[in-house]
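Peer 1: Below: sequence and its predicted model.
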Amino acid sequence: MSNIYIGYHFTIEPKELGSEILIAQLGEKAFESFTETEKGISAFVQKDLWDEMILDDIHILQSDEFTIDYTFEEIEQVNWNEEWEKNFEAIDVDGNCHVRAPFHPKTDAEFDILIEPKMSFGTGHHETTHMMIQHLLEMDVTGMKTLDMGCGTAILAILAEMKGAKPIDAIDIDNWCYLNSIENAERNNCKHITVYEGEASLLTDKKYDLIIANINRNILLNDMQSYVDSLNPGGTLLLSGFYNEDIPFIDSSCKEKGLTYVKKLERNNWVSLKYVN
């Protein structure tokens, strides 16, 4: 195989949801690595597997809901470690949890999570992941049967196990996330996490004490009944992936299904809500 790559650099608005969808669609092509940028993502494909029509059936590029522009270039001898190092910064959550890549130094944080940053989303930098980590740090999850729905890189599932939760199911619809979650669970010596590729239909007849769902407003609202049906009496539901303006819709859905509101966290207009059954 050639060491020459074609690199595409996308600017995306709105960035977070658009980037997730674009990565999922590009992942079905020959693109093999993605890095997050300030305004979007960069995606890389080996030149041997590339042709000028590679983006023709990427549906999000024709969507009226997103504004996406891109440039592309030929790159020789891509050093992936260097690419990842340039685009991945370690994150510290309240001094108690440190999410880092292998090339970052270890700190004295009680919970040290090691992530191989092959993908940029769910790596703890995003406000929603940060808030979900905060929720988990505040909770005693010892012995809780836990679900990490839309697990991304499985950071939240890994932290839950480090804090004593077990067993843990981690589910993501994206194949890249599924594979990366398996790798990261192994990398952090997790013994109680099972990763599944799929969506809420997998929850039939499942029951959990704790459900973590960091996705987006529309999917949360669509799947809320499945979450509630899978939550044990007295169980906790942690939600994020939406804005302050979305709270009335999320809150109404939760309360009409019998959940009780507990707490809100907020970072840069992103919010995370906690409910109990």
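Peer 2: Looks like it came in fine.
Peer 1: could you pull out the helices for the protein?
Peer 2: In order along the chain, the chain carries the following helices (DSSP state H): 15-26, 80-87, 127-138, 155-162, 175-187, 217-229, 247-256.
Peer 1: Show me what the fourth one is packed against.
Peer 2: Pointing back at helix 155-162 there. Packed against helix 155-162 by the contact rule (3 or more Cβ pairs under 8 Å, 6 or more residues apart in numbering; DSSP states H and E) you find strand 111-114, helix 127-138, strand 146-149, strand 168-172, helix 175-187, strand 193-197, strand 208-214. In this view, the C-beta of every residue, glycine as well, is placed from N, C-alpha and C.
Peer 1: still on that earlier bit, so which of the helices of the chain comes closest to W270?
Peer 2: For those, proximity to W270 was assessed by Cβ to Cβ; helix 127-138 is nearest, at 4.1 Å.
Peer 1: buried sites along the closest one?
Peer 2: E127, T128, T129, H130, M131, M132, I133, Q134, H135, L136, L137 (16 or more other Cβ atoms under 10 Å).
Peer 1: And for stretch 220-228?
Peer 2: Neighbour-count burial for stretch 220-228, with 16+ other Cβ under 10 Å as criterion, is recorded at L220, L221, D223, M224, S226, Y227, V228.
Peer 1: Wait, the second one touches C254, no?
Peer 2: Right, the one you point to is L221. No. At 9.9 Å, L221 and C254 do not qualify as touching, with contact defined as Cβ atoms under 8 Å.
Peer 1: Kindly list the longest strand within the chain.
Peer 2: Counting residues, the longest strand found in the chain (DSSP state E) is strand 231-243.
Peer 1: Measure how that one sits relative to helix 127-138, angle-wise.
Peer 2: On the basis of axes from the mean of the first three to the mean of the last three Cα atoms, to 10 degrees, strand 231-243 is oriented at 140 degrees to helix 127-138.
Peer 1: With adjacent residues omitted, what lies nearest to N216?
Peer 2: Nearest residue to N216, sequence neighbours excluded (Cβ to Cβ, 6 or more residues apart in numbering): G241, at 4.6 Å.
Peer 1: Find me the pLDDT at that neighbour, would you?
Peer 2: Note for G241: predicted pLDDT of 85.
Peer 1: Give me the distance between N96 and E110.
Peer 2: Plainly put, N96 is 5 Å away from E110 if you go by Cβ to Cβ, to the nearest Å.
Peer 1: Counting neighbours, what do you get for R267?
Peer 2: Other residues within reach of R267, judged by other Cβ atoms under 10 Å, total 14.
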